[in-house]
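Novice: Here is a sequence together with a model predicted from it:
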Amino acid sequence: MNTEQENQLFKSLGSIESTQEAILKSMHEMKADIQKSITTVNGRVDKVENRIEKVETKVTNMRIKVAAGGGAGGLAVLMLAELLKNGGI
């Protein structure tokens with residue numbers, strides 16, 4: 001192999017090495033972007049989960065209030081019926 005061929009070989013190797021370094025750099029940047037996106041999505045999911053928990057708590061409280069109101073209404077109707085039956089009103 002003559003000197004010119006060796007120089008051409010070294011140029012080619014240098015070019016290949018530069019390309020590999022650029023690819024690695026690009027991969028590291030993509031990995032960082034993906035990690036950032038994952039963090040953002042996780043934050044959003046946490047917020048949604050918190051909102052769902054609040055809604056579930058409110059629904060549970062509303063069910064208790066409705067049940068208590070229904071029970072109190074039923075008791076009032078029962079007492080009124082007894083009063084009417086006994087001639088108290």
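Specialist: That came through fine.

Novice: which residues are contacting stretch 45-64?
Specialist: Residues outside stretch 45-64 that contact it (C-beta atoms under 8 Å, 6 or more residues apart in numbering): none. All C-beta spots, glycine's among them, are computed from the backbone N, C-alpha and C.

Novice: quick check: mean pLDDT across it?
Specialist: The pLDDT scores in stretch 45-64 average 94.

Novice: CA-only coordinates of that stretch, as CSV, when you get a sec.
Specialist: What follows is stretch 45-64, C-alpha atoms only, in CSV (Å, rounded to 0.1, in the frame of the first residue of the first chain):
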residue,chain,number,x,y,z
VAL,A,45,-50.8,11.3,35.1
ASP,A,46,-50.3,12.2,38.7
LYS,A,47,-52.4,15.3,38.4
VAL,A,48,-55.2,13.3,36.7
GLU,A,49,-55.0,10.6,39.4
ASN,A,50,-55.4,13.3,42.1
ARG,A,51,-58.3,14.8,40.3
ILE,A,52,-60.0,11.4,40.1
GLU,A,53,-59.5,10.7,43.8
LYS,A,54,-61.1,14.1,44.6
VAL,A,55,-64.1,13.3,42.4
GLU,A,56,-64.4,9.8,43.9
THR,A,57,-64.4,11.3,47.4
LYS,A,58,-67.1,13.9,46.4
VAL,A,59,-69.2,11.1,44.8
THR,A,60,-68.9,9.0,47.9
ASN,A,61,-69.9,12.0,50.1
MET,A,62,-72.8,12.7,47.8
ARG,A,63,-74.0,9.1,48.1
ILE,A,64,-73.9,9.3,51.9
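
Novice: now the strands for the chain?
Specialist: With strands called from DSSP state E, the chain shows none.

Novice: What's the local residue count around Lys85?
Specialist: 9 (other C-beta atoms under 10 Å).

Novice: what bits of the protein have low per-residue confidence?
Specialist: 88-89 (pLDDT under 70).

Novice: hmm, 80 instead?
Specialist: Within the chain, the stretches with pLDDT under 80 are 1, 87-89.

Novice: how about the helices in it?
Specialist: 3-86 (DSSP state H).

Novice: Nearest residue to the middle of it?
Specialist: The chain has Val45 as the residue nearest its centroid, 1.3 Å off, counting by C-alpha atoms, centre = their mean.
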